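[1] here are the coordinates; sequence isn't available:
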């Protein structure tokens, strides 16, 4: 059975029972820690999810599946409040501007501040200082005049009718997502502080600061905050002034009303979204752990079943997904209605699939991730490059589509989504599939704001670390291969190097340097230091045609050194890191051409000229992900998809990503293993139809052609001339040829079926 995204199969249940039987004085908390370790069940900051695991174990016990150790007795009687300590509270009556800067100081962990907060609440708040339930943060409101008040946030109400209806929660969805909602359980401005608009100003500060502070303490961001206003005492004016949304009245039950007697007075319920896409997050399907590859009961029927057949969806949904994938692959240039060739029922089914609450980019790509991991596992003893890159997808023509955001330099300019993908390729450049994909829309309210000083988790650049962690999870499962995360200048993030340094057994890094960082024990900075190294040798490379750049041979001077990089200013908590630096600088470049200048930083050993040029050649493979993005946009026409919601576009994008990968995979296979039989990619019907069309002979030969022969025939269908000077066909003619081949194959099937 699957609970909270974890597969508690017979083997896991047996292990739990054996652990309980063998444990001496084993507590439920200790058992939860053990089970967390089995699943590597952790928060974003690495702490085990013990509470979540204990809830799951309790569910299993209630179902009679396991028997847990006896629960310890806990005294829930309210503690006696200590007498409030007298405090010198300030006496202020002035305008808000007279107070100067106002800050919210986190109380958690500071005993002196905690005593102040408790004394203030005991003396002046109708509910006193607690107790507060579950995860919590407490703040003091402070200015240069002293303490002005305080507030706290803790676990949200378990069941709240008006809130759940407003969000659109079912009982099961509330249970899965409630941790992302927090409650504003205390808010107090001292009676001696009489400042107009201070309360609403503080609420604005709190809602801007809360998500980051909560993530720093608990490893995840809340997306919604709620509060209750006792209408017998207050009007809630400050909340409305701070743009909180009034949802209605509570039923007057309270947290401990198990008898549903509703003996308390109803309270006014207000809420404030902390993230723009809060409703999407709170209603999203449960995040599943990655599918671990396993032996198949029977081999997949075709490529679509291999890449999508193991998705965690209901069987009818998987069948629909496979059909959509086959149609998209057969007609990559067509829009959705055109791709289904007038089959209205199938087209409507596709639209319903994209609109389903369980279909989003992560669930659709889960099976492909597992297939990619299987292909990587076959490369035993080899290095595999995990290429990271970001591209924007322009949907400006979809003015009515919800959930898009700015993708350019202007807030009111181009609208769309951002895609950060991680493509695994061999060192020869054969694309093996994706290891990670992240899609997001920029929040217009956050557009242009300075994020300097914020933790990396609150910046867009955090995507590079998330991708690295996804690659790291695969590296743990596949110790027989060595994964290298490769990124361009945008990936030059010191936190990324620091994370890689913590785990020597994790993936390596190979990143083009953007920042001229300080070097320990050196007067010069990074770029000048590596430039000052002696030339170890020269590498001659052929540069392909690129936009306005003509193809040419480049002569690269190679330098390398081992350096100790210093953390950037303001990040002194990060360690000094040892890295290898490689400089590939083009000499004698043509006047009009921009010379190649690659400054590479890597955690891989570089002790010789041969190792240095190897890293330069590996970085040169990063171009493959640029080719993929071009294929995705031009070959699959993802920017022409027309759907009403960004979530639906993301699900559609997941299928198009795999289709685009297959086109790139075919082109590379034709160059790496040209003499292999074409059946490693083409079905029997496809290659027989192709030969019949090209030779005008309906009788198919007994042996299929080679992959190179089949690829060139398909490319000619797409406009490839095949002259000696043309070289090998590229992705553009291949996707056009594949669309033509689909029509030819359909005709072949009809003609071959007989009367």
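    That came in fine, so what should we check first? In this text, all values refer to a predicted model and were calculated from it rather than measured experimentally. Residues are numbered from 1 along each chain as shown.

[2] Report how many residues lie close to residue 121.
    23 (other C-beta atoms under 10 Å). (Glycine included, C-beta is placed from N, CA and C.)

[3] Run through the residues that contact it.
    Neighbour list for residue 121: 127-130, 150, 186, 188 [criterion: C-beta atoms under 8 Å, 6 or more residues apart in numbering].

[4] swap the cut-off to 10 Å and go again
    81, 84, 127-130, 138, 149-152, 186, 188 (C-beta atoms under 10 Å, 6 or more residues apart in numbering).

[5] Residue 689 too?
    Applying C-beta under 10 Å, 6+ apart, the residues near residue 689 are 682-683, 698, 700, 741-749, 751-752.

[6] can you do 6 Å?
    The contact partners of residue 689, by C-beta atoms under 6 Å, 6 or more residues apart in numbering, come to 744-745, 748.

[7] Reformat these as JSON lines; add secondary structure, distance to residue 283 and pLDDT.
    Putting the contacts of residue 689 into JSON lines (DSSP: H, G, I helix; E, B strand; the rest coil; distance: C-beta to C-beta, whole Å; pLDDT from 0 to 100) gives the following:
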{"residue": "744", "secondary structure": "helix", "distance to residue 283": "44", "pLDDT": "86"}
{"residue": "745", "secondary structure": "helix", "distance to residue 283": "41", "pLDDT": "83"}
{"residue": "748", "secondary structure": "helix", "distance to residue 283": "46", "pLDDT": "80"}
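
[8] Which of these sits closest to residue 275?
    residue 745 (46.9 Å; C-beta to C-beta).

[9] nearest spatial neighbour of that closest one, skipping sequence neighbours?
    Excluding the flanking residues, the one nearest residue 745 by C-beta to C-beta, 6 or more residues apart in numbering is residue 689, at 4.4 Å.

[10] Quick one: distance of whichever strand or helix holds the one you found to the chain centre.
    Using DSSP states H and E, residue 689 sits in helix 684-695. Here the centre of helix 684-695 is set off from its chain's centre by 42 Å, with C-alpha atoms, centre = their mean, to the nearest Å.

[11] now swap in stretch 127-139 and tell me
    On C-alpha atoms, centre = their mean, the centre of stretch 127-139 falls 32 Å from that of its chain.

[12] So what sits opposite the closest residue to residue 239 other than its chain neighbours in the bridge?
    In space, and not counting its chain neighbours, residue 239 is closest to residue 270: 4.8 Å by C-beta to C-beta, 6+ apart. Beta bridges link residue 270 to residue 227, residue 246 when assigned by DSSP bridges.

[13] buried set for the lengthiest strand in the chain?
    Ranked by residue count and defined by DSSP state E, the top strand of the chain is strand 552-565. Going by neighbour count (16 or more other C-beta atoms under 10 Å), the buried part of strand 552-565 is 554, 556, 558-561, 563, 565.

[14] how much space between the residue nearest to residue 442 when sequence neighbours are not counted and residue 468?
    Once flanking residues are discounted, residue 442 sits nearest to residue 405: 3.8 Å by C-beta to C-beta, 6+ apart. From residue 405 over to residue 468 the distance is 24 Å, taken as C-beta to C-beta, to the nearest Å.

[15] Which of those two has more residues huddled nearby?
    The residue with more neighbours, out of residue 405 and residue 468, is residue 468; 25 against 21, by other C-beta under 10 Å.

[16] SS state for residue 105?
    Three-state assignment for residue 105 (DSSP: H, G, I helix; E, B strand; the rest coil): strand.

[17] Now the helix or strand residue 153 falls within: buried residues?
    Using DSSP H and E, residue 153 sits within strand 146-155. The neighbour-count check on strand 146-155 (16+ other C-beta under 10 Å) flags 147-155 as buried.

[18] Same check on stretch 122-132?
    Those would be 122-125, 129-130, 132, for stretch 122-132 by 16+ other C-beta under 10 Å.

[19] Other residues contacting the strand or helix carrying residue 386?
    Per DSSP H and E, residue 386 falls inside strand 383-394. Strand 383-394 is contacted from outside by 376, 407, 414, 416-420, 422-425, 427, 435, 467, 471, 481-487, 491, 618, 621-622, 625, 629, 639, using C-beta under 6 Å, 6+ apart.

[20] Make a ChimeraX selection of the buried ones in these.
    The buried subset of these, as determined by 16+ other C-beta under 10 Å, is captured in ChimeraX by this line:
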select :376,407,416,417,418,419,420,422,423,424,425,435,467,471,481,483,484,485,486,487,491,618,621,622,625,629,639
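
[21] Among the contacts of strand 383-394, which ones are in helices?
    376, 467, 471, 618, 625, 629 (DSSP state H).

[22] Output those residues as CSV; include the columns pLDDT.
    Below are the ones in helices among the contacts of strand 383-394 laid out as CSV (pLDDT from 0 to 100):
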residue, pLDDT
376, 95
467, 93
471, 95
618, 95
625, 92
629, 89
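
[23] Let me know the closest of these to residue 111.
    Among the ones in helices among the contacts of strand 383-394, and counting by C-beta to C-beta, the member closest to residue 111 is residue 467, at 40.3 Å.

[24] which two in the ones in helices among the contacts of strand 383-394 are spaced the farthest apart?
    The distance between the two most remote of the ones in helices among the contacts of strand 383-394 (C-beta to C-beta) is 21.2 Å, for 376 and 629.

[25] can you give me the strands in the stretch 51-200 of the chain?
    Listed in chain order, the strands of the stretch 51-200 of the chain (DSSP state E, counting those that start in this stretch) span 92-94, 103-106, 137-143, 146-155, 181-189, 193-195.

[26] Given the last one, what are its sheet partners and their directions?
    The sheet places strand 193-195 alongside strand 92-94 (parallel), with pairing taken from DSSP bridges.

[27] Next, please give the residue ranges for the strands of the stretch 351-500 of the chain.
    All strands of the stretch 351-500 of the chain, identified by DSSP E, counting those that start in this stretch, fall at 383-394, 405-406, 415-426, 431-440, 482-487.
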